[in-house]
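[1] predicted model and sequence below, questions to follow.
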Amino acid sequence: MQVFGIGFLVLLFFEIMSIVWAADWLGGGLTLLLMAASFAAGVMMLRHTGLSGILLAGATLRSGQNISLYQMLWPIRYALAAVLLMSPGFISTVIALLLLLPIKGKPVAAMQQTPFQTQRTTRSGTRDDDIIEGEYTITRPNGKPQDYIEHQSDEHSRSNKIL
């Protein structure tokens, strides 16, 4: 954990130095404008995806299709890039732009690891493969469709079978 703390402090130092270097090279007004534009872009990206992007990654994982690691991690990378764009400094902006590059990987099924597998179960925990859902209409001999289903007692249906 100390490594992350030291790494964060080093990143913070380089972020401040990048702001100072950009202000020296471009001027204070243009540096402030670039930082404000970066922040606005990050806010718009985060509003565009937000938590739904991370949920999309989970849905892609649960779909059970042959997906690449890139497809699964893209929404997470997009949200992380948005947060990095919102932070002041140009090092985080460069990291955010690197995260947004369209780097594609092999499909998960082509990798040596076992692909992600899901099991679809109903609420009771068993599969109901023999149930076919659908709609039907009852048509009387006179050709008019019936909008309701009549309930007949068991005795009435038995008497019709005997006859």
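    That came through fine.
[2] in space, what's closest to Ser87 - neighbours in sequence excluded?
    Nearest non-adjacent residue to Ser87, counting by C-beta to C-beta, 6 or more residues apart in numbering: Glu15, 7.4 Å away. (Glycine included, C-beta is placed from N, CA and C.)
[3] and that neighbour, how many neighbours?
    When neighbours are counted by other C-beta atoms under 10 Å, Glu15 registers 17.
[4] tell me the spacing between it and Met44.
    For Glu15, the distance to Met44 equals 21 Å [C-beta to C-beta, to the nearest Å].
[5] and the residue nearest to Ser87, how far from Ile103?
    Glu15 is 24 Å from Ile103, by C-beta to C-beta.
[6] could you identify the helix or strand that succeeds the helix or strand harbouring the residue nearest to Ser87?
    In the assignment (DSSP states H and E), Glu15 maps to helix 2-26. Following helix 2-26 in sequence order, the next helix or strand is helix 28-48 (DSSP H and E).
[7] helices and strands around that following helix, which ones?
    Secondary-structure packing of helix 28-48 (3 or more C-beta pairs under 8 Å, 6 or more residues apart in numbering; DSSP states H and E): helix 2-26, helix 69-86.
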